[in-house]
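Peer 1: Any chance you can model this:
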Amino acid sequence: MRVTDIEVHRVTLPYDSARADELIRYHDLTGRTIYIAHTDSGLTGLGESEGVEREEILAQYIGSNPFDWIGDETSLGLGTAMYDLMGKAAGVPVYKLFGQKHRSWVAVAAWTVSTHPDRMANAVQAYASQGHRWMKFHLSPFENVIDQTEAMQAVAPEGFKIHYDFTMHGTQDHMPSLLDRLSEYEIAGCFEDPLPGEDLDGYRELKLRSKRPIVLHHFPMGATYEVLGRPADAYMLGHSKIGDAVRRAGLFAASNSPFMLQNTGSDITRAMTVHMMAAFPSASLHFVNATTEISSERFVTEPLNPINGFIRVPEGPGLGVELDRAAVERLKAIEAPSKPRFIIVCTYADGTTLYTRPDPTNPHFMARPDWSRTLMPVSFTSPFTTRYWDDDGSEGFKTMMARIERDGAVLEAN
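Peer 2: Purely as a prediction, here's the structure:
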């Protein structure tokens, strides 16, 4: 069996309208690339990625046997297509290509971004109705996390949990105290990256103090030796190539360390992640998929959707999902949304107002504004409420934006 051709389709997955307003202000996760690998035996394999692989990468797969790509470390998207082909050729589900099945149902978490407490509560209700029981979000110092947590807990069904991602800290908050405060809420589930990744001593101390599990994602030594020092309760592998994930899964299993995968993508990526989580011995936590639940469109005929927080592992040959060609053609015609030009307006309890705007040189500004060095020290618990001032063409907007571009931020007394 040889790969004879790989179709490449670039599609746009519009955001779910209920969450589009906040999502578009953080990252553009609407673009996906779908790969359809054809073979001389007539089988086809599906893959998916965020960007488009270069022609020289695609050329490595053309003419090869899909089984040449066991433990692929070249491309997660194209490697997924090869595993789909291998499973179909062997007549087995993809998880069997990794080893024994350790679970038939895999836990999954929904994902969103930080926004106004009322909108966070709406996200919890929406994701719970979709069958989710976990929701991950990146904290932002432009919102008060205590206000958000209270709003989410007020509407969450029993057993629904929040996965807080601190994006390696970056604020003036005393992290042990903040985690203690959040742990008072039943909805608090786990804390990801509450400290810089290189602070392993800090992680070990925080792990002993915290009433909720500590999750380490950004590894200072590439998820190798530091894992043996047990700095966290659990670990996250993000966007790892297949072969790398296999090796790390072995290390986590040898040290009896629970972990999860975070592979951003839609239905094809979700299917591949489910198969890997099913076969990796200690991958017992909820994986994060991100774009599937934030999109209003799907491009497979029978999507893998959660039931009470779990997705059933497919048992058919390959990945267990088939492409909806009509949906792909429709999604190819949709234009990607443009990021709005806006000002972040934070009004403190005493009436003081902070005006700033996303730094175009810092794609993570909304979660880590400190990386831009344009603001005063920030906190996840500042006593303020935030709104977005979109470019309305007014002189007021133009004047304020000019001041922000000159000074980095504007702070005005009441």
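
Peer 1: How are the helices of the stretch 251-400 of the chain distributed by residue range?
Peer 2: Secondary structure of the stretch 251-400 of the chain, counting by DSSP state H, counting those that start in this stretch: helices at 267-279, 291-294, 325-332, 395-407.

Peer 1: For the chain, which residues score under the pLDDT cut-off?
Peer 2: Nowhere does the chain drop to pLDDT under 70.

Peer 1: remind me, longest helix of it?
Peer 2: The single longest helix within the chain, with elements called by DSSP state H, is helix 76-90.

Peer 1: For that helix, buried residues please.
Peer 2: Within helix 76-90, the residues that count as buried by 16 or more other C-beta atoms under 10 Å are 76-89. Every C-beta, even on glycine, is put in place using the N, C-alpha and C of the backbone.

Peer 1: Show me how far the very next helix or strand once past that helix is from its chain's centre.
Peer 2: Using DSSP states H and E, the helix or strand that follows helix 76-90 in sequence is strand 105-113. In terms of C-alpha atoms, centre = their mean, to the nearest Å, the centre of strand 105-113 is set 9 Å apart from its chain centre.

Peer 1: So in that sheet, which strands flank strand 105-113, and in what orientation?
Peer 2: strand 134-138 (parallel), strand 287-288 (parallel), strand 310-312 (antiparallel) (DSSP bridges).

Peer 1: between those strands, which gets nearest to residue 338?
Peer 2: Nearest to residue 338, of all the strands paired with strand 105-113, is strand 134-138, at 21.9 Å by C-beta to C-beta.

Peer 1: Relative to residue 301, how far out is the most centrally placed residue in the chain?
Peer 2: The chain has residue 290 as the residue nearest its centroid, 4.4 Å off, counting by C-alpha atoms, centre = their mean. Distance of residue 290 to residue 301, given as C-beta to C-beta, to the nearest Å: 22 Å.

Peer 1: Next: residue 195.
Peer 2: In terms of C-beta to C-beta, residue 195 sits 44 Å off from residue 301.

Peer 1: same question, residue 37
Peer 2: Applying C-beta to C-beta, the value for residue 37 to residue 301 is 18 Å.

Peer 1: if you count what's nearby, which of these two comes out ahead?
Peer 2: For the pair residue 37 and residue 301, the greater number of neighbours falls to residue 37 (25 against 13), based on other C-beta atoms under 10 Å.

Peer 1: What's the first helix or strand after the helix or strand the more buried one falls within?
Peer 2: Following DSSP H and E, one finds residue 37 within strand 31-39. Downstream of strand 31-39, the next assigned helix or strand under DSSP H and E is strand 44-49.
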